[in-house]
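Engineer: Fold the following for me, if possible:
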Amino acid sequence: MKKILLFSIFLIFTFNSSISADELKCKAFDLKCKSKKFIEETKDYQKKGLDKSKKQIDKNKNEIENSIEKSKKKLIERQKKIKEKQKKK
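Structural biologist: Alright, predicted model coming up:
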């Protein structure tokens with residue numbers, strides 16, 4: 001009974017893993033399959049790179065905007081100090 005149970009569990013896991021696998025398994029000389037697989041992998045890699053680049057650009061843009069705002073605030077403060085010094089003279 002235990003052997004049948006273990007064997008059935010083994011079969012279930014085997015079928016589940018083969019069904020959920022998205023990989024294309026090509027034969028040795030199947031050029032069409034291999035080229036299709038290569039193209040899909042390249043597309044996925046480029047999409048990931050594009051997403052990563054967009055995130056990096058957005059991050060850099062936000063950092064630049066924040067630094068500009070900080071610089072503007074510092075400049076305004078300096079101008080106020082200069083005006084105050086000029087008024088005291």
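Engineer: Quick check: what element follows the worst-scoring helix or strand of the chain on mean pLDDT along the chain?
Structural biologist: None of the helices or strands of the chain scores lower by mean pLDDT, DSSP states H and E than helix 2-20, at a mean of 65. Sequence order places helix 31-88 as the next helix or strand after helix 2-20, per DSSP states H and E.
Engineer: measure the spatially most central residue of the chain to residue 75 for me?
Structural biologist: Nearest to the geometric centre of the chain sits residue 52, at 4.5 Å (Cα atoms, centre = their mean). To residue 75, residue 52 is 35 Å away according to Cβ to Cβ, to the nearest Å. Where you see a C-beta, it was placed from the backbone N, CA and C, and this is true even at glycine.
Engineer: ok so, going back, now do the residue nearest to the centre of the chain against residue 73, distance only.
Structural biologist: 32 Å.
Engineer: what's the answer for residue 84, then?
Structural biologist: 17 Å.
Engineer: For the chain, give me the ranges with low pLDDT.
Structural biologist: 5-7, 10-11, 13-24, 89 (pLDDT under 70).
Engineer: I'd say residue 26 and residue 37 touch.
Structural biologist: Yes: assessed by Cβ atoms under 8 Å, residue 26 is found in contact with residue 37 at 6.1 Å.
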